[in-house]
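In: sequence and predicted structure are below.
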Amino acid sequence: MKSETLEINEPSCPRTANRPSEFPEIAGSAENTIAIPPGACLLCGSSEISWIQRIKGYTIVDCRRCGLRYLRDRIGEDAVMRYYREAYFHPGVDPSSGYEDYFLIRKEREKTFRLYLSKVLPHLRRFENVLDIGCGAGYFLSVADRRFTRVFGIDVSPEALSRVNIACELRCGEFRSGLYPAGFADVIMLCDVIEHVYHLREFLGEAARVLHPDGVLCLVTPNRTSVLGRISGRRNISYKLPEHVSFFDPQSIARALGEAGLEIIDRHSCGQYATVDYVARRLGAAVFKKRNVLPLPGFIRRRTFYVNTGSMLILARRRSGEQTTA
Ligand SMILES: [Zn+2]
């Protein structure tokens with residue numbers, strides 16, 4: 001039986017979306033950054049670094065202890081969470097921030113998620129519960145709905161959740177300890193989420209606890225060392241600042257998962273389906289800081305194709321016999 005519960009954990013969640021121009025910490029420059037105590041590694045907590053670089057006015061460092069590359073001058077958590085709740089899915093002053101047209105790309109996102117799900121299904125033994133953390137408007141949930149008994153989503157944006165168009169159980173708020181029972185999910189989806197997370201160790205530990213012993217965690221995140229990442233240098237799509245706070249490569253994501261009691265069982269290089277229009281505007285935004293750089297006719301702009309963005313699709317399982325604690 002499917003429930004139609006929409007559970008709002010945070011009654012203060014505003015229903016009216018603001019525009020990113022009201023979020024100078026995000027839409028402006030690094031000068032607006034509210035630095036929280038700088039330097040601490042998101043994974044191991046160490047402040048020792050082995051590499052440092054300034055990119056777009058922000059300081060990016062490598063942790064000497066665990067190797068994670070992370071953003072050192074992060075904006076305050078309250079400010080960034082308010083941005084995700086209220087403005088992330090709306091047009092930005094800086095067109096490279098957030099998703100300017102997230103609600104117009106349902107068809108392409110669902111096609112992308114069908115591809116991702118096809119990588120997960122061969123590894124599954126159970127098809128009961130799916131949990132999509134950072135589910136947005138439920139595009140993955142729509143795709144998974146036909147294959148699983150129950151689908152669950154959680155996101156901080158009430159605006160995005162209000163656009164979920166299937167019967168499922170939704171929560172509005174952050175993914176925190178104790179929201180879901182231990183061993184509850186046969187699939188946990190983390191698509192383009194983990195690079196935003198401030199408390200990496202706790203977050204992955206909780207995901208591991210919620211994952212069924214036979215379940216699979218599917219994680220998609222930019223690979224800063226992909227071919228595209230390497231040739232794009234400082235314009236590497238991993239460095240979407242200040243939204244992204246960790247910049248993973250295959251080694252650091254394996255380490256982060258390993259510390260949470262998870263082991264990688266499969267990995268793929270991946271991308272997404274997109275219209276010519278979408279790619280032209282994202283490229284224009286990233287490279288030229290303008291939305292419309294290519295004067296293409298409408299019938300070409302609407303064409304859909306697959307773009308390998310150099311992201312990593314990682315499938316992980318709990319290490320056998322592992323007792324996970326968040
Ligand atoms: Zn570290």
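Out: Nice, thanks for sending it over.

In: what's the average pLDDT for the one helix or strand Ser269 maps to?
Out: Here Ser269, judged by DSSP states H and E, is contained in strand 262-275. Strand 262-275 shows a mean pLDDT of 93.

In: okay, now the sheet partners of that strand, with direction.
Out: Strand 262-275 sits in its sheet next to strand 304-318 (antiparallel), going by DSSP bridges.

In: and the chain, which of its residues are near the ion?
Out: Applying C-beta under 5 Å from the ion, we find that the chain lies next to the ion at Cys41, Leu43, Cys44, Ser46, Cys63, Arg65, Cys66, Leu68. The C-beta positions use only the backbone N, C-alpha and C, and glycine is treated the same way.

In: from Arg65, how far out is the third one?
Out: With distances taken as C-beta to C-beta, to the nearest Å, Cys44 is found 5 Å from Arg65.

In: which residues touch the closest residue to Cys63 other than its chain neighbours?
Out: Spatial nearest neighbour of Cys63, excluding adjacent residues (C-beta to C-beta, 6 or more residues apart in numbering): Cys41 at 4.0 Å. For Cys41, the contact set (C-beta atoms under 8 Å, 6 or more residues apart in numbering) comprises Ser47, Cys63, Arg65, Cys66, Leu68, Tyr70.

In: buried members of those into PyMOL, please.
Out: Selection of buried members from these for PyMOL, criterion 16 or more other C-beta atoms under 10 Å:
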select buried, resi 63+66+68+70
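
In: okay if I get the contacts of Cys41 as JSON lines plus secondary structure and distance to Lys56?
Out: Below are these laid out as JSON lines (DSSP: H, G, I helix; E, B strand; the rest coil; distance: C-beta to C-beta, whole Å):
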{"residue": "Ser47", "secondary structure": "coil", "distance to Lys56": "22"}
{"residue": "Cys63", "secondary structure": "strand", "distance to Lys56": "20"}
{"residue": "Arg65", "secondary structure": "coil", "distance to Lys56": "26"}
{"residue": "Cys66", "secondary structure": "coil", "distance to Lys56": "24"}
{"residue": "Leu68", "secondary structure": "coil", "distance to Lys56": "19"}
{"residue": "Tyr70", "secondary structure": "strand", "distance to Lys56": "15"}
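
In: now the contacts of Cys41 as CSV including pLDDT and distance to Val151?
Out: Output for those, formatted as CSV (pLDDT from 0 to 100; distance: C-beta to C-beta, whole Å):
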residue, pLDDT, distance to Val151
Ser47, 91, 41
Cys63, 94, 36
Arg65, 94, 38
Cys66, 94, 34
Leu68, 96, 31
Tyr70, 96, 32
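
In: low-confidence ranges, this structure, go.
Out: 1-39, 90-101, 284-294, 321-326 (pLDDT under 70).

In: which residues in it form strands?
Out: 6-8, 49-55, 58-63, 69-71, 129-133, 150-155, 169-172, 185-191, 211-222, 246-247, 262-275, 304-318 (DSSP state E).

In: quick one: contacts of the second one?
Out: Think strand 49-55. Gly39, Thr59, Ile60, Val61, Asp62, Cys63, Arg64, Arg69, Arg72, Arg234, Tyr239, Leu241.

In: likewise for the shortest one?
Out: With C-beta under 8 Å, 6+ apart as the contact definition, strand 246-247 has outside contacts at 42-43, 60, 68-71, 194-195, 197, 200, 222, 224, 236, 238-239, 252.
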